[in-house]
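# What follows is a predicted protein model with its sequence.
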Amino acid sequence: MSEILKVEDLIKSYSMGKNEFKALKGISFTVEEGEFVLLYGDSGSGKSTALNIIGGMDRASSGKVWVYNEDITSYNDKQLNDYRRRIIGFVFQSYNLINNLSAKENVMLVSGGNGDIADKMLEEMGLKDRASAFPTELSGGEAQRVALARAMAKSPALLLCDEPTGALDYDNSRKVMQTIRRLNRENGVTVLMVSHNLAFLPIADKVIKLKSGWIEGITENDAPLSVEELDW
Ligand SMILES: Nc1ncnc2c1ncn2[C@@H]1O[C@H](COP(=O)(O)OP(=O)(O)O)[C@@H](O)[C@H]1O
Ligand SMILES: [Mg+2]
């Protein structure tokens, strides 16, 4: 396996008046191509901060983030924008769909206006008959799968998911987790997912535990469970 991501001594600090607050205090880890990695930790531990920097949506205070052996922390805004478009798929807890566009039109925003790709992606997420529905007409689980269809429409190498089931009930959480897992195992997409849900630990290839901006431990699962085998 080859390395797709290497995070090196990543620090993110915020100035609070005269004081400095460090949301990330120097974290390091790697992600191999095809891996399902879970970034786990309590609320406020720095998970979203880390994911946003890796996704090129925020900047590090110091440290390096290597993606395919290129340090994205050295990128200018244009390079970072290009990196986000080419490499990264991002899914948020709150779906972030455009409410006055249909499911299909939301996906087409990323497929470069290509309706066939949008149809294919929606079908892959089990949403063939929901293509013309608007976000307010969708259940939370459907909305999150539209967001996944949108993220996947440009075939990202790295899928970043920030608490993707955070707003969902049990059944919808299961469906969304099954979908993410299938994209990882069958389509070979590398997944870095953030969650504070203990239940998801057994399905990851690797679990990175964050605590107050530090890595408390990194665990590799020799025999990760499928979502179907999981009970929570
Ligand atoms: N823009 C900001 N300014 C100041 N502090 C921030 C900012 N963004 C996040 N933080 C703080 O950084 C810490 C980590 O936040 P976050 O990465 O969102 O945690 P998590 O996603 O694990 O819940 C929190 O204490 C949060 O309050
Ligand atoms: Mg968060």
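Structure's in. What do you need? Numbers count the residues shown, from 1 in each chain. Ligands and ions are numbered 1, 2, ... in the order given.

# Please report the number of neighbouring residues for the residue nearest to Gly34 when sequence neighbours are not counted.
Nearest residue to Gly34, sequence neighbours excluded (Cβ to Cβ, 6 or more residues apart in numbering): Gly188, at 5.5 Å. Yep, even glycine has a C-beta here, placed from its N, CA and C like the rest. A count of nearby residues for Gly188, using other Cβ atoms under 10 Å, gives 10.

# List the residues that contact Gly213.
22-25, 27, 45-46 (Cβ atoms under 8 Å, 6 or more residues apart in numbering).

# what does the helix or strand of the chain with the lowest mean pLDDT rub up against?
Lowest mean confidence among the helices and strands of the chain (mean pLDDT, DSSP states H and E): helix 170-185, at a mean of 93. Identification of contacts with helix 170-185 by Cβ under 8 Å, 6+ apart yields 34, 36, 125-126, 139-141, 144-145, 148, 152, 159, 161, 164-165, 168, 189-191, 193, 200, 203, 226-228, 230, 232.

# So which of the residues you listed belong to helices?
140-141, 144-145, 148, 152 (DSSP state H).

# what would these look like in JSON lines with pLDDT, neighbour count and distance to ligand 1?
Below are these laid out as JSON lines (pLDDT from 0 to 100; neighbours: other Cβ atoms under 10 Å; distance: Cβ to the nearest ligand atom, whole Å):
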{"residue": "Gly140", "pLDDT": "94", "neighbour count": "17", "distance to ligand 1": "20"}
{"residue": "Gly141", "pLDDT": "94", "neighbour count": "21", "distance to ligand 1": "22"}
{"residue": "Gln144", "pLDDT": "94", "neighbour count": "30", "distance to ligand 1": "18"}
{"residue": "Arg145", "pLDDT": "95", "neighbour count": "28", "distance to ligand 1": "23"}
{"residue": "Leu148", "pLDDT": "95", "neighbour count": "26", "distance to ligand 1": "20"}
{"residue": "Met152", "pLDDT": "94", "neighbour count": "24", "distance to ligand 1": "23"}
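
# ok, so of those, who is nearest Ile4?
The shortest approach to Ile4 among these belongs to Met152, at 16.5 Å (Cβ to Cβ).

# returning to that earlier point: which among the contacts of helix 170-185 count as buried?
For these, a burial check counting by 16 or more other Cβ atoms under 10 Å picks out 34, 36, 125, 140-141, 144-145, 148, 152, 159, 161, 164-165, 168, 189-191, 193, 200, 203, 227, 230.
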